[in-house]
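Colleague: Starting from these lines, generate the structure:
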Amino acid sequence: AGKTTLLKTLVGELEADLGTVSLGHQVSLGYYAQEHEGIVKGRNVLEHMRDVSAEPDQYLRSLLGMFGLHGEIVFQDASTLSGGEKTKLALTMLVAGHHNLLLLDEPTNNLDPASTEAVGDMLSRWPGTIVAVSHDRAFVETLQPTHCLQLPGERFTHWKEEYLDEVSLR
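Modeller: Sure, this is the predicted structure:
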């Protein structure tokens with residue numbers, strides 16, 4: 001239906017077929033791609049966090065803990081993390097980057113139900129704008145969306161609870 005293509009176009013990885021993409025004044029965009037491209041072999045979890053934030057290590061470790069990454073895992077080579085742990089790291093890096101717009105492409109694919117709930121809860125309290133592609137009904141419900149772009153059909157509208165029935169069908 002073009003969901004990932006749309007996100008990649010918004011982030012500038014792909015050229016728009018029609019029209020242009022321009023971000024508003026002082027928009028800082030963070031992008032979560034499904035493949036964890038930003039996680040580099042040979043660098044530990046805390047080093048990855050330092051790449052995106054100048055905050056003290058104590059703050060970064062606290063933020064990692066909110067996403068379920070705590071203790072000695074912060075010193076582990078990030079490339080050796082499980083798929084779910086890489087997802088948590090990538091999402092934590094986005095939040096630490098102080099972006100005010102997050103584009104999330106299937107952020108719950110590698111997460112267990114408890115982690116999906118925790119990440120959804122954390123993101124639902126985040127003060128910026130989130131554009132999320134997800135087939136996870138509970139995650140979408142937790143985010144409490146205000147608008148919806150239905151693909152295919154290219155229909156942008158205010159969110160209605162009845163759309164939850166369509167989330168897992170797509």
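Colleague: contacts and neighbour counts: CA atoms only from here.
Modeller: Noted.
Colleague: which SS state does Gly24 fall under?
Modeller: Gly24 falls in the coil class when you classify it by DSSP: H, G, I helix; E, B strand; the rest coil.
Colleague: neighbours around it, how many?
Modeller: Taking other CA atoms under 10 Å as the criterion, the count of residues near Gly24 is 7.
Colleague: ditto for Gly30
Modeller: 20.
Colleague: Then Leu151?
Modeller: For Leu151, the number of neighbouring residues by other CA under 10 Å comes to 12.
Colleague: Wait, it touches Gly2, no?
Modeller: Yes: counting by CA atoms under 8 Å, Gly2 is a contact partner of Leu151 at 7.3 Å.
Colleague: Please report phi then psi for the residue lying closest to Arg43 once chain neighbours are set aside.
Modeller: Leaving out its chain neighbours, the residue that sits closest to Arg43 by CA to CA, 6 or more residues apart in numbering is Asp77, at 5.3 Å. According to degrees, to the nearest 10, the main-chain angles of Asp77 amount to phi -60, psi 120.
Colleague: Could you do Gln150 as well?
Modeller: phi -90, psi 120.
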